[in-house]
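Asks: Here you go, sequence then predicted model.
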Amino acid sequence: MQRRTAYILILSMMSLLVIGIVMLQSTGAFARDSHGDMYFFVKRQGMWLMIGTAALVGAALVDYRWWAKLWPWIYGLAVVLLILCFVPPVGMKINGAWRWINLGFASFQPSELGKVAVLLFLAWWYHRYEAESRQFWLGFACPLAVAGLIMALIVVEVDLGATSLIGVTTLAVMFVAGAGLRWLMLPLGLGLAGLVFAVLNIEERTGRLMAFLDPEKYKLHEGLQQWQALLAFGAGGVEGLGLGEGRQKMLYLPYAHTDFIFPMIGEELGLRFTLLTVFCFLLILMSGVLIAMNARDRFGMLLGFGITIIITVQAAINIGVTTSLLPNKGMPLPFISYGGSNLAVSMAFIGILLNIHRLGRRVPAARTRAIPSTSMAVRL
């Protein structure tokens, strides 16, 4: 099974990419911002797909241990870009949120780079301070503070989804690394308290929670997206209405080509393809965990585990929201939703997993802690 892990991982990702391009072709032509070009989103996504492919190949060929040297630079770049989100005209405010920067040919979400920075830092930190992982300062407070800076910059953009995703992944990596469970309960409790505070004091979040509790009552307002998504699933049934025959994409379901593309799969292709989508993410989860468990060293193990968690948890949140199992929170479905930043970073993550697998299976079961020595291997 271990020998076939890489093939399963690649096949699962490619299946999701094909589903994404096909559904984007079907839904993108009806989006409000298609500029009258029915292929607008397909062409843009195709451009990012090429960038993502280059990132995947590069990450698969470069020894993953070199990322241990580069994390300070990536972390610093992520901080700078997150700050630039609030500096016009570089930063772009869309739908009341400062989440994008203007690259000229496209927009980019620095929060995606923030994911990379946090994962690389945590893997490096707990590799270097393995013996101190159960201590309060070196095993809990310091790594949480460094990861927390990225999360703080993202949350002020009004991006609670990305902040929560990075926070959950951070706690999961810290737990696997051996951080004391009693310490991990503290940020978990504070995070839940912050979520409750946001729900009770931010009108938009309160409305989304009420719509989640009673979607039919709020189906014309806060619960519009989730209600229309349920109608799409119901209309599709097991067989689906047929590719291109969906009705919800015709401006009934907002953001049908981005955050709510999963219901469109259900409406046009039916239950079989929605289950296929879920199954592909389960295969990515299984493959990623196996790769992490057989990594050459602790750095690779933690990095592989973190990458697997951040991809699959994001998918679980998107699927949970679009099926009304979770309150509404805009978050793209990896490899499928329209969105170049997330696509490129997700494919780069798959490339790193492939490299961890390629190097890990060539060494004995006993792992070494060696990381290539360099002057850039930062010591905090």
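Replies: Perfect, I can see it now.

Asks: For the stretch 251-380 of the chain, which segments count as helices?
Replies: Assigned by DSSP state H, counting those that start in this stretch, the helices in the stretch 251-380 of the chain fall at 261-269, 271-293, 298-322, 340-360.

Asks: Go through those and pick out the most buried.
Replies: Mean neighbours per residue, mean count of other Cβ atoms under 10 Å, is largest over those for helix 261-269, with a mean of 27. C-beta coordinates here come from the backbone N, C-alpha and C atoms, glycine included.

Asks: Distance to L253 and mean pLDDT added to the helices of the stretch 251-380 of the chain, as CSV?
Replies: Output for the helices of the stretch 251-380 of the chain, formatted as CSV (distance: least, Cβ to Cβ, whole Å; pLDDT from 0 to 100):
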stretch, distance to L253, mean pLDDT
helix 261-269, 7, 97
helix 271-293, 15, 97
helix 298-322, 10, 97
helix 340-360, 20, 96
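
Asks: Let's have those helices in JSON lines, adding distance to A123.
Replies: Shown next, in JSON lines, are the helices of the stretch 251-380 of the chain (distance: least, Cβ to Cβ, whole Å):
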{"stretch": "helix 261-269", "distance to A123": "30"}
{"stretch": "helix 271-293", "distance to A123": "10"}
{"stretch": "helix 298-322", "distance to A123": "4"}
{"stretch": "helix 340-360", "distance to A123": "10"}
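
Asks: how about those, which one is nearest K93?
Replies: helix 340-360 (16.5 Å; Cβ to Cβ).

Asks: Can you show me the CA trace of that closest one as PDB?
Replies: Extracted in PDB, the C-alpha atoms of helix 340-360 (Å, rounded to 0.1, in the frame of the first residue of the first chain):
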ATOM      1  CA  GLY A 340      -6.100  30.800  -8.300                       C
ATOM      2  CA  SER A 341      -4.300  31.400  -5.000                       C
ATOM      3  CA  ASN A 342      -5.800  28.400  -3.300                       C
ATOM      4  CA  LEU A 343      -5.400  26.200  -6.300                       C
ATOM      5  CA  ALA A 344      -1.700  27.000  -6.700                       C
ATOM      6  CA  VAL A 345      -0.900  26.600  -3.000                       C
ATOM      7  CA  SER A 346      -2.900  23.300  -2.800                       C
ATOM      8  CA  MET A 347      -1.000  21.900  -5.700                       C
ATOM      9  CA  ALA A 348       2.300  23.000  -4.200                       C
ATOM     10  CA  PHE A 349       1.300  21.200  -1.000                       C
ATOM     11  CA  ILE A 350       0.700  18.000  -3.000                       C
ATOM     12  CA  GLY A 351       4.200  18.400  -4.500                       C
ATOM     13  CA  ILE A 352       5.700  18.600  -1.100                       C
ATOM     14  CA  LEU A 353       3.900  15.400   0.000                       C
ATOM     15  CA  LEU A 354       5.200  13.600  -3.100                       C
ATOM     16  CA  ASN A 355       8.700  14.700  -2.200                       C
ATOM     17  CA  ILE A 356       8.400  13.500   1.400                       C
ATOM     18  CA  HIS A 357       7.100  10.200   0.000                       C
ATOM     19  CA  ARG A 358      10.000   9.900  -2.600                       C
ATOM     20  CA  LEU A 359      12.700  10.500   0.000                       C
ATOM     21  CA  GLY A 360      11.000   8.700   2.900                       C
END
